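1. Fold the stuff below for me.
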Amino acid sequence: MSTSQSTQAAAATSSRSSSTTPSSTITVRDAVLDFMRRVGMTSVFGNPGSTELPMFRDFPEDFRYVLGLQEAVVVGMADGYAQATRNAAMVNLHSAAGVGNAMGNIFTAFKNRTPMVITAGQQARSILPFDPFLFSAQATELPKPYVKWSVEPARAADVPLAIARAYYIAMMPPRGPVLVSIPADDWDQPAELLAPRTVSTELRAEPFVLDQIGAMLDASKRPAFVVGAAVDRDNAWDAVVQLAERHNARVFAAPMSGRCSFPEDHRLFAGFLPAMREKIVGLLDGHDCIFALGAPAFTYHVEGNGPHLPPGAVLCQLTDDPTTAAWTPSGTAAVGSIRLSVLDLLSRAAPPARPLPAPRVPRPRAAPTSPLSVAYVMQTLTELRKPSDIIVEEAPSARSVMQNYLPITQSEGFFTMDSGGLGYGMPAALGVALGVASTKPDARIIGIFGDGSSMYSIQSLWSAAQMQLPITFVILNNGRYAALQDFAPVFGFSATDVVQGTELPAIDFVGLAQAQGCTALRVADASALRDALQMALSRKDTHKPMLIDVEVA
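-> Presented below is the predicted three-dimensional model:
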């Protein structure tokens with residue numbers, strides 16, 4: 001169901017509610033729950049605090065409270081759920097301390113462009129002048145700049161309208177989190193049900209700019225596409241594949257992209273761009289038109305020098321983010337829905353025929369070693385998984401290897417963070433599992449996590465066990481923050497230098513998982529790896545999570 005369709009259906013529900021509920025008995029709680037119900041936000045992700053309790057009195061039976069044991073876990077679960085359902089998730093946090101605990105994953109939600117309505121409890125209005133315990137002195141400022149909008153309504157009666165406004169802002173492109181601070185005594189105050197509304201959340205790019213981009217592509221002899229997360233977020237996967245095939249364009253994945261936006265086994269797929277200026281230019285060399293779709297042009301991780309494009313190349317860009325279009329250093333940029341704009345480009349006359357580009361060189365097979373290589377683990381997982389299985393990843397040091405040995409071939413088949421902040425992946429796997437439970441019941445969720453990153457939100461295992469989610473958690477355990485050690489030479493470290501604070505010995509992941517209710521085992525050799533993965537992915541009891549701690553080089 002599209003956003004506009006769900007809004008219209010919700011409007012009908014609202015009309016029925018308005019006609020059957022006497023206005024004299026309607027409270028802020030009634031009006032907020034009525035709105036949440038009709039826009040499909042009936043799952044509330046939270047970790048309860050005292051100032052949030054009034055929201056949940058007489059909690060409706062058709063709503064679900066999803067408990068996380070720490071606020072970062074709560075927001076990570078909501079992020080995965082919102083991405084999987086393509087609708088804003090409702091999050092409930094405590095005031096200053098709770099929002100503070102969640103800020104790392106709020107930052108990630110902002111970078112992921114994840115629609116999310118965050119309600120933060122606030123102390124009662126009558127005692128706010130006295131700096132009460134557990135209040136937020138500047139509730140609307142605390143989450144900035146990593147929310148699209150934040151507000152503490154001036155009156156209790158304004159809370160329902162603030163929630164509605166927050167929802168529509170969260171859903172407007174580029175999507176993202178918003179925050180509403182709500183004093184504890186507001187929930188029982190009188191209010192009115194909100195009138196039904198239909199709000200468009202898809203914006204079309206200007207036709208004359210798309211015509212310029214279309215003409216540049218038509219005139220190109222060697223076009224290259226650079227696809228980013230917004231392609232998959234905007235449900236534009238199939239249209240982009242069709243456009244690439246029409247132009248016989250090589251397709252690169254954008255640096256640091258949190259989604260897969262093109263089938264990685266496709267004849268036109270050319271691989272992944274690194275977040276380094278000189279290497280991007282080198283990989284794109286020989287192409288005369290670079291078309292960035294749903295991605296910045298380009299995301300850099302380290303300081304670089306020289307041009308942003310290879311000699312003789314022109315840049316065109318399609319983005320749903322005006323800010324991204326504004327800072328792009330050159331070229332032509334169209335701002336609007338990726339899906340609608342690509343459909344507009346496909347409506348043009350077919351371009352002149354051009355030959356297929358050279359195919360991507362296949363990677364050699366990985367051999368079993370002791371300890372196991374990440375490549376062999378990913379290769380084995382590829383051989384055992386179904387293409388429809390969904391990968392949720394947070395293993396930065398293993399990502400480049402995973403990209404070579406674990407191809408993603410279907411839309412909505414891969415989720416990671418656009419932010420680089422750790423602690424997102426493990427709870428996001430839970431949110432994705434909840435989000436696809438009804439729409440993709442046969443899809444299995446496979447989480448791939450580094451040993452270091454998993455410890456940022458290890459409490460997620462408890463929630464997974466309590467909700468009986470069929471997730472396979474794979475820990476790539478190299479006993480260190482390997483990404484930092486790999487990155488150290490960029491900042492002048494030699495191969496023999498000790499990088500302080502990067503060793504992580506003696507973490508018992510099997511014990512941690514079992515203590516939280518998950519089945520778990522440790523793997524150190526090739527034969528045990530295949531058996532463990534096979535067991536995890538083919539269990540008859542699919543309603544229990546399993547963790548596999550894999551010792552890797």
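2. The closest residue to residue 440 other than its chain neighbours: what's it in contact with?
-> Using CB to CB, 6 or more residues apart in numbering and skipping the chain neighbours, the partner closest in space to residue 440 is residue 388 (7.2 Å). Bear in mind the C-beta positions are built from the backbone N, C-alpha and C, glycine included. Residues near residue 388 by CB atoms under 8 Å, 6 or more residues apart in numbering: 410, 413, 440, 442-443.
3. let's see it at 7 Å
-> 410, 442-443 (CB atoms under 7 Å, 6 or more residues apart in numbering).
4. What of residue 457?
-> Counted by CB under 7 Å, 6+ apart, residue 457 has contacts 72-73, 76, 423, 426-427.
5. Quick check: helices, which of these are part of them?
-> 72-73, 76, 426-427 (DSSP state H).
6. Neighbour-wise, give me the winner out of those residues.
-> residue 427 (34 neighbours; other CB atoms under 10 Å).
7. I'd say that residue and residue 70 touch.
-> No: taking contacts as CB atoms under 7 Å, residue 427 lies outside contact range of residue 70: 9.0 Å.
8. Mutual contacts of these two, please.
-> Between them, residue 427 and residue 70 share no contacting residue, judged by CB under 7 Å, 6+ apart.
9. For the stretch 1-150 of the chain, which segments count as helices?
-> 3-20, 28-38, 71-85, 96-112 (DSSP state H, counting those that start in this stretch).
10. For the shortest one, output the C-alpha coordinates as PDB.
-> These are the backbone C-alpha positions of helix 28-38, laid out as PDB (Å, rounded to 0.1, in the frame of the first residue of the first chain):
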ATOM      1  CA  VAL A  28      -4.500  13.800  24.300                       C
ATOM      2  CA  ARG A  29      -3.800  10.100  24.600                       C
ATOM      3  CA  ASP A  30      -6.900   9.200  22.700                       C
ATOM      4  CA  ALA A  31      -6.100  11.600  19.900                       C
ATOM      5  CA  VAL A  32      -2.500  10.600  19.600                       C
ATOM      6  CA  LEU A  33      -3.300   6.900  19.500                       C
ATOM      7  CA  ASP A  34      -6.100   7.500  17.000                       C
ATOM      8  CA  PHE A  35      -3.600   9.200  14.700                       C
ATOM      9  CA  MET A  36      -0.900   6.600  15.200                       C
ATOM     10  CA  ARG A  37      -3.400   3.800  14.300                       C
ATOM     11  CA  ARG A  38      -4.400   5.400  11.000                       C
END
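11. Show me what that helix packs onto, helices and strands only.
-> helix 3-20, helix 159-171 (3 or more CB pairs under 7 Å, 6 or more residues apart in numbering; DSSP states H and E).
12. how much distance is there from the shortest one to the middle of the chain?
-> If you compare the mean C-alpha spot of helix 159-171 with that of the full chain, they lie 21 Å apart, counting by CA atoms, centre = their mean, to the nearest Å.
13. Helix 96-112 and that one, what's the angle between them?
-> Using axes from the mean of the first three to the mean of the last three CA atoms, to 10 degrees, the inter-axis angle of helix 159-171 relative to helix 96-112 is 30 degrees.
14. re the thing from before, the contacts of residue 457: which two are farthest apart?
-> With CB to CB as the measure, no two of those lie farther apart than 72 and 426, at 10.1 Å.
15. In the protein, where is pLDDT below threshold?
-> 1-24, 480-488, 490-491, 540-543 (pLDDT under 70).
16. can you list the domains in it?
-> Domains of the chain are assigned by automatic domain parsing as 3-186, 207-346, 374-551.
17. Same list, these, but as a markdown table with distance to residue 366 please.
-> Output for the domains of the chain, formatted as a markdown table (distance: least, CB to CB, whole Å):
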| stretch | distance to residue 366 |
| --- | --- |
| domain 3-186 | 29 |
| domain 207-346 | 17 |
| domain 374-551 | 4 |
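18. Mind checking those domains for the one nearest to residue 198?
-> domain 3-186 (5.1 Å).
19. Please state the offset of that closest one from the chain centre?
-> Chain-centre distance of domain 3-186: 19 Å, with CA atoms, centre = their mean.
20. and if you look at stretch 546-553?
-> Worked out by CA atoms, centre = their mean, stretch 546-553 lies 24 Å from the chain centre.
21. Which residues does it contact?
-> So stretch 546-553 is contacted by 369, 371-374, 377, 461, 472-478, 509-510, 513, 518-524, 529, 532-533, 536 (CB under 7 Å, 6+ apart).
22. what does stretch 143-156 give?
-> With CB under 7 Å, 6+ apart, stretch 143-156 has contacts from 28, 99, 103, 106-107, 110, 122, 139-140, 159, 162, 166, 169-170, 176-181, 186, 189.
23. got the CA coordinates for the helix or strand hosting residue 537 in PDB?
-> According to DSSP states H and E, residue 537 maps onto helix 526-538. The C-alpha coordinates for helix 526-538 follow below in PDB (Å, rounded to 0.1, in the frame of the first residue of the first chain):
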ATOM      1  CA  ALA A 526      36.000 -25.100   8.100                       C
ATOM      2  CA  SER A 527      34.000 -28.300   8.600                       C
ATOM      3  CA  ALA A 528      32.400 -26.900  11.800                       C
ATOM      4  CA  LEU A 529      31.600 -23.700  10.000                       C
ATOM      5  CA  ARG A 530      29.500 -25.300   7.300                       C
ATOM      6  CA  ASP A 531      27.700 -27.500   9.700                       C
ATOM      7  CA  ALA A 532      26.900 -24.600  12.100                       C
ATOM      8  CA  LEU A 533      25.600 -22.400   9.300                       C
ATOM      9  CA  GLN A 534      23.600 -25.200   7.800                       C
ATOM     10  CA  MET A 535      22.000 -25.900  11.200                       C
ATOM     11  CA  ALA A 536      21.200 -22.300  11.800                       C
ATOM     12  CA  LEU A 537      19.600 -21.700   8.400                       C
ATOM     13  CA  SER A 538      17.700 -24.900   8.200                       C
END
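24. so what secondary structure elements neighbour that helix?
-> helix 374-384, strand 519-523, strand 546-551.
25. Please identify the deepest-packed of the ones you listed.
-> Most buried of the helices and strands packed on helix 526-538, by mean neighbour count (mean count of other CB atoms under 10 Å): strand 546-551, with a mean of 24.
26. What strands flank that one, and is each parallel or antiparallel?
-> Sheet pairing for strand 546-551, assigned by DSSP bridges, gives strand 471-477 (parallel), strand 519-523 (parallel).
27. Out of those strands, flag the one nearest residue 401.
-> strand 471-477 (9.5 Å).
28. what residues does the closest one touch?
-> With CB under 7 Å, 6+ apart, strand 471-477 has contacts from 374, 377, 395, 398, 429-430, 433, 444-451, 454, 464, 509, 536-537, 545-552.
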